[in-house]
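*Asks:* Sequence unavailable; structure follows:
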């Protein structure tokens, strides 16, 4: 979906629908962000990246950005720097999900750069092994294409940016990062499963919508449509 198509009547309607669902998901906390007060992961983590899969890179990132801004205002979050820059990880997750394809190693540039930044930090250098998680977005690009791997790469791409934001803006210790390792593994596996499930659910619902509306606005992946005709 091209950016200009977002400005059409049908494009705006779809964007508003996605925003409404995203707003609802953003209102439901999933888990507390360790080490920070009043910071939580929400169920938006499960659906944000898939916007890139349906709308394409440009429109997908734009839709996620608008959804986050509206959620930011609606939920009355304080306009603090940490709250504002926390918008960035999900934008890159949507971009990664949209551009995911075996062999496109350029998508690994940001996570690998985050690894370098982590290891160069005085605290990060003492817990350098934590940043090895950010090899995952690169590794999955070398493996056969798969929805779960696509979701896993996307959520860890977001995690790499979020980790660097946390490291450089929030006082931490090497012990803090070491203690996060098992928590991150469990958390990101759940996020990847949630993203995969959301993508299947949206493909299924939107395929029914497209069959009637024939808008041509969204890219339906028929492999992930449940109870599709002919199955």
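*Replies:* Now that the structure is in, tell me what you want to look at. Treat the numbers as computed from the prediction; the structure is a model and nothing was measured.
*Asks:* CA only for contacts and neighbour counts going forward, please
*Replies:* OK.
*Asks:* Show me the helices in the chain, by range?
*Replies:* Taking DSSP state H as the criterion, the chain carries its helices at 3-6, 9-26, 44-47, 51-55, 57-74, 81-85, 88-99, 109-120, 136-139, 147-169, 174-213.
*Asks:* what mean pLDDT does the second one have?
*Replies:* Summarised as a single mean, pLDDT over helix 9-26 is 68.
*Asks:* switch to numbering from 605
*Replies:* With 605 as the first residue, the last one maps to helix 613-630.
*Asks:* returning to that earlier point: of the helices of the chain, give the one that comes closest to residue 734.
*Replies:* Nearest to residue 734, of all the helices of the chain, is helix 778-817, at 6.5 Å by Cα to Cα.
*Asks:* Run the chain-centre distance for the closest one.
*Replies:* In terms of Cα atoms, centre = their mean, to the nearest Å, the centre of helix 778-817 is set 8 Å apart from its chain centre.
*Asks:* Does anything pack onto it? Which helices or strands?
*Replies:* Counting contacts by 3 or more Cα pairs under 8 Å, 6 or more residues apart in numbering; DSSP states H and E, helix 778-817 is packed against helix 648-651, helix 751-773.
*Asks:* now that helix against helix 751-773, angle please.
*Replies:* Computed by axes from the mean of the first three to the mean of the last three Cα atoms, to 10 degrees, the angle separating helix 778-817 from helix 751-773 equals 130 degrees.
*Asks:* Show me what counts as buried in helix 778-817.
*Replies:* Residues of helix 778-817 classed as buried: 781, 788, 792-804, 806-808, 810-811 (neighbour count, 16 or more other Cα atoms under 10 Å).
*Asks:* and the helices and strands packed on helix 778-817, which one is worst for confidence?
*Replies:* helix 648-651 (a mean of 79).
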